[in-house]
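K.L.:
here is the input, now give the coordinates:
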Amino acid sequence: TSSLAFLVALLPACGGDDPAKTPVTPRSTERGGAKGAEGALEAGASSAMLAYEMGLQHLQKGEVEKAETEFGRALQLDPKMAEACFELGKLKVQQSSQQVWSKSRDLDVLGEGVALLAKACELEPANDQYLFHLGRAHYLKDDLDGARLHLGKAVELNPKLVGGWKALGRAQVDAGETEAGRDSYLRALELNPNDAAAHFLLGQALEVLSDLAGARVAYEKSVALEPSEYEVYGRLSQVCGKLGDAEGEAKANAGRQQWVAFDEQLTRRQKAVNQNPSDGAALRRLGEMYLEIGDWEKAQGLFKGAILIDRRDWRAHLWRGVALRHMKEKGAIDHLKEAEFLAPDVLDPKLELLRLYAERRDDANLDALLRAVEGEAAADGNSLFTLGEVCREVGREEDAKRLFAKAAALGVTEAPANQVMAEGADEELGESEEE
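P.N.:
Residues are numbered from 1 along each chain as shown. Down below sits the predicted model:
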C-alpha cells in the first residue's frame, strides 16, 4: 500500500534557463526575406508541436526516454514552448528520484527540472498547474520558501486546487507555520471532504498544536476513508493513549496489525509475480489483494493478465467480472458467465451475476437465475442462506425471507466463510511451504 506519510508523489515538473534559440534563415532572398523568415518560424512552431504531441504519446505508453527526447526536440524547435518546458521539467523531477518512494534525490537532475518548470511559469505566469508543480519541486529541494511562494500563487489563481492546498499546508507545517498549515488542510477538506490523506495531514498538524481531540477525529476519518493505511492507525493509537482511551488505543493497534499483515502479504505476492511474470495464478492472487481494498482498476488489469496466460482460470474470470461490475464496464457479464461455465458447481459466479442483473434492473434474467440456483441448492443450507443474503442485499426481501427459512430448516442460521478466497490463500500457503 502507498504511504500517506509520503505525500509528495513522484510527479513531473518544469522550469529552466532559456534554451538557445536556433536561428532561422530563409532559403532564398527571392522569396522575400521577411516573409521567408516568418514562414520558417511558423514551420518550426508546427514541427515543435508535432514533437510535443509525440512526446505525450510516448508518455502514455510508458516510453519515458523517447518522451524526453521528443520534448527536448520540441524546445530546440521552439524554445518558448511552455508546454514542452512543463512536461520535460516534470520528467526531470521524476527522474531525480534515486529510489521509488524514497526522498533521496539527484540534486543536479532535480535542479534541471526546477529550471524547466520555472521557465514554463515565466512563459505562462497565470498557469496554476505550472506553479503547483514548480512549488512541489522546490519542496523536494527542501526549499520551503520557494515552495510556499509558488504554491501560494497557485492556490491564489485557482482556489479550488485541492492538491495545491495540501502541498502548501505541508510546506507551511515544515516551515514551522503550523496554524497556517492547518488552515490550508481545512481548505483542501472543504473542497474534498473524502480526501483521506488531507485528514491524516490535518491530524498531524493538530497534534503539534496540542489539539488531541481534533487530531483523533481527523485520524478516525482518515482510516474510515482509507482503511489500508496502517501508519494512520499508529498515530491514532498514540493519540488515544494520550487521551487515556485504552479501548480506542487497543482498537487502533489491532487495525494497524491487521494492515501490516496485509501489506506483508501484498509484498510477498508482488515478489512472486516479479520472480515469474508468466505465472497466471500468481498474477491472479496479487489481483485478489487489490480487489480486497477496492482498487478495481489495478485488480482487473492483473486478472486480465492471468486470463491471457490461462483462459480456463475461472477465479480470474470471476474476480475480473467483479472488478468490472464495480467499474460499470460492459465486459463484466462476459467474465462472470465464463466463470459460471468453467465452474458450474461453484456458487460465487452465480451470486455475482445476480448482483449484476439487479444493478442493471434485468428482472427477467434475475428471476430465472434465482429460480435455477434455488433449485440446485435445495438441500444445501449454506448455499440457501448465502443466496438469501444476496437477495436481501439487492432489495429482494421476500425472496430473502423464504431462503433464510429454507436454510434454517436445514440447520443453517448464519453465513458460511467465503471458500473461494480461502482457497486462493491456501494456494499461496502451499507455494510458500514449497519454497
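K.L.:
any buried residues in the helix or strand hosting residue 117, and which?
P.N.:
Using DSSP states H and E, residue 117 falls within helix 107-123. Buried residues in helix 107-123, counting neighbours by 16 or more other CB atoms under 10 Å, are found at 109-121, 123. Where C-beta positions appear, they are placed from N, C-alpha and C, glycine not excepted.
K.L.:
and the residues you listed as CSV, adding pLDDT and distance to residue 338?
P.N.:
Converted to CSV, those look like this (pLDDT from 0 to 100; distance: CB to CB, whole Å):
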residue, pLDDT, distance to residue 338
109, 92, 47
110, 93, 48
111, 94, 53
112, 95, 50
113, 95, 47
114, 96, 51
115, 97, 53
116, 97, 49
117, 97, 48
118, 97, 53
119, 97, 53
120, 96, 49
121, 97, 52
123, 96, 53
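K.L.:
and the furthest pair within those residues?
P.N.:
Spatial extent of the buried residues of helix 107-123 (CB to CB) is set by the pair 109 and 123 at 21.7 Å.
K.L.:
contacting residues around the spatially closest residue to residue 358 that is not a sequence neighbour?
P.N.:
Distances taken as CB to CB, 6 or more residues apart in numbering place residue 394 nearest to residue 358, at 3.6 Å, with adjacent residues excluded. Counting by CB atoms under 8 Å, 6 or more residues apart in numbering, residue 394 touches 354, 355, 358, 359, 366.
K.L.:
remind me, longest helix of the protein?
P.N.:
Ranked by residue count, the top helix of the chain under DSSP state H comes out as helix 246-275.
K.L.:
tell me what it is packed against?
P.N.:
Of the remaining helices and strands, those touching helix 246-275 by 3 or more CB pairs under 8 Å, 6 or more residues apart in numbering; DSSP states H and E are helix 230-242, helix 280-292, helix 419-434.
K.L.:
those helices: lowest mean pLDDT?
P.N.:
Lowest mean pLDDT of the helices and strands packed on helix 246-275: helix 419-434, a mean of 54.
K.L.:
doesn't residue 216 make contact with residue 207?
P.N.:
No. Using CB atoms under 8 Å, residue 207 is not in contact with residue 216, being 9.4 Å away.
K.L.:
anything in contact with each of the two?
P.N.:
By CB under 8 Å, 6+ apart, residue 207 and residue 216 have these common neighbours: residue 239.
K.L.:
which of the two has more neighbours?
P.N.:
Per other CB atoms under 10 Å, whichever of residue 207 and residue 216 has more neighbours is residue 216, with 23 against 20.
K.L.:
do I have it right that that one meets residue 243?
P.N.:
Yes. Residue 216 is in contact with residue 243 according to CB under 8 Å; the separation is 6.6 Å.
K.L.:
and residue 145, how far from residue 117?
P.N.:
Residue 145 sits 16 Å away from residue 117, going by CB to CB, to the nearest Å.
K.L.:
got it, and residue 111?
P.N.:
Separation of residue 111 from residue 117 (CB to CB): 11 Å.
K.L.:
before we move on, what about residue 410?
P.N.:
Distance from residue 410 to residue 117, by CB to CB: 68 Å.
K.L.:
so residue 403 sits right up against residue 388, yeah?
P.N.:
Yes. Using CB under 8 Å, residue 403 is in contact with residue 388, at 3.3 Å.
K.L.:
show the pLDDT at the spatially most central residue of the chain.
P.N.:
In the chain, the centroid-proximal residue (CA atoms, centre = their mean) is residue 295; its distance is 7.4 Å. Here the pLDDT value assigned to residue 295 is 92.
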